[in-house]
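Chemist: sequence unknown, structure follows:
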DNA sequence: CGGAATCCTAGCTGATACTG
DNA sequence: CAGTATCAGCTAGGATTCCG
């Protein structure tokens, strides 16, 4: 079988970096963030989770599976596979995962809250850039 | 000049996704995290910052510049370029950036704190995987 | 339905060399 | 020192396909 999914780990895994950085990468990865936040709400089935996340931005089955595996391996997500036909797998947060998710949610809430100011800052920055660009060059 | 650095934005920028996701990507990016945390401590000069981060994991000048620009554009980092020879540029957090950095630091602290448990979980997971693999296949 | 394996592309990322 | 430009590698991520 050899899963060998690494998720932001291909290069990182072999590196001489603090292990906690690795955890960060997993937790703050594009899909890790969304998965954690969704699961903070309640347990989800695979496709259900995919649809829930899809409301924000579509995620491929591959990336969702990969993300879930990484988070499960880190002990943040619990995978409950029921041996039924058709297959049914429920994902939920572990206690550890809940802690992580809270942190991530804090960050997400901050981002949502400050979005306006960031957007303003961007416009200001771009405007200043444009001025500097047209003034000096061309 | 056309800098056109996007940092996790090439694909994301044009997407139909919530803007706050964009901020998240910037803040939680590989180098964004480290920059914010370092700057939370005190202002840094470019190379100084590079060395400080390098203690953890080497960052190229390009990526550091790119990261700083992105964060500056988002209004999280303040760039103070002194018109002297040799050039001297100081980077510091804005109020907004400090808020972000606090959040990120919280996450980092959590990761550091729970590292042991995550590592345990990983070994357990890998061991279980190995058993399942050798039992069924081959 | 829940995944795994494969193939493919975009773009992040880094090393190097150059400018002010 | 503080970047920028260019080139090249590698990987994340997506689409597709097949299996249990």
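Modeler: Here it is on my side, so go on. Predicted model, so just to flag it, every value in this text is computed and none were measured.
Chemist: Quick check: phi and psi at the residue nearest to residue A:44 when sequence neighbours are not counted.
Modeler: Closest residue to residue A:44 apart from its sequence neighbours, by Cβ to Cβ, 6 or more residues apart in numbering or on different chains: residue A:91 at 5.6 Å. Where C-beta positions appear, they are placed from N, C-alpha and C, glycine not excepted. Torsion angles at residue A:91 (phi, psi; degrees, to the nearest 10) stand at phi -110, psi 140.
Chemist: by how many degrees do the longest helix seen in chain A and helix B:95-136 diverge?
Modeler: For chain A, the longest helix by residue count, based on DSSP state H, is helix A:95-136. Counting by axes from the mean of the first three to the mean of the last three Cα atoms, to 10 degrees, helix A:95-136 lies at 130 degrees to helix B:95-136.
Chemist: ok, helix A:95-136 near DNA strand D or not?
Modeler: No. Shown here: helix A:95-136 not in contact with DNA strand D (Cβ under 7 Å from any atom of the strand), separated by at least 9.9 Å.
Chemist: counting contacts, what elements does that helix pack onto?
Modeler: Applying 3 or more Cβ pairs under 8 Å, 6 or more residues apart in numbering or on different chains; DSSP states H and E, we find helix A:95-136 packed against helix A:19-28, helix A:30-41, helix B:19-27, helix B:61-73, helix B:95-136.
Chemist: now those helices as TSV including mean neighbour count, mean pLDDT and distance to DNA strand C?
Modeler: Shown next, in TSV, are the helices and strands packed on helix A:95-136 (neighbours: other Cβ atoms under 10 Å in any protein chain shown; pLDDT from 0 to 100; distance: least, Cβ to the nearest atom of the strand, whole Å):
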stretch	mean neighbour count	mean pLDDT	distance to DNA strand C
helix A:19-28	22	88	9
helix A:30-41	22	94	10
helix B:19-27	22	88	9
helix B:61-73	19	94	3
helix B:95-136	16	90	9
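Chemist: and residue B:42, which of these is closest to it?
Modeler: Smallest distance to residue B:42 across the helices and strands packed on helix A:95-136 (Cβ to Cβ): 11.9 Å, for helix B:95-136.
Chemist: Could you pull up the residues touching the closest residue to residue A:40 other than its chain neighbours?
Modeler: Using Cβ to Cβ, 6+ apart and skipping residues adjacent in sequence, the residue nearest residue A:40 is residue A:101, 4.3 Å away. Each residue near residue A:101 by Cβ atoms under 8 Å, 6 or more residues apart in numbering or on different chains is listed here: A:36, A:37, A:39, A:40, A:76, A:93.
Chemist: neighbours around the residue nearest to residue A:120 when sequence neighbours are not counted, how many?
Modeler: Sequence neighbours aside, residue B:75 is the residue nearest to residue A:120 in space, at 7.2 Å (criterion: Cβ to Cβ, 6+ apart). Neighbours of residue B:75 under the rule other Cβ atoms under 10 Å in any protein chain shown: 23.
Chemist: what about stretch A:25-45 and DNA strand D, touching?
Modeler: Yes. For stretch A:25-45, a contact with DNA strand D is found by Cβ under 7 Å from any atom of the strand, at A:29, A:30, A:31.
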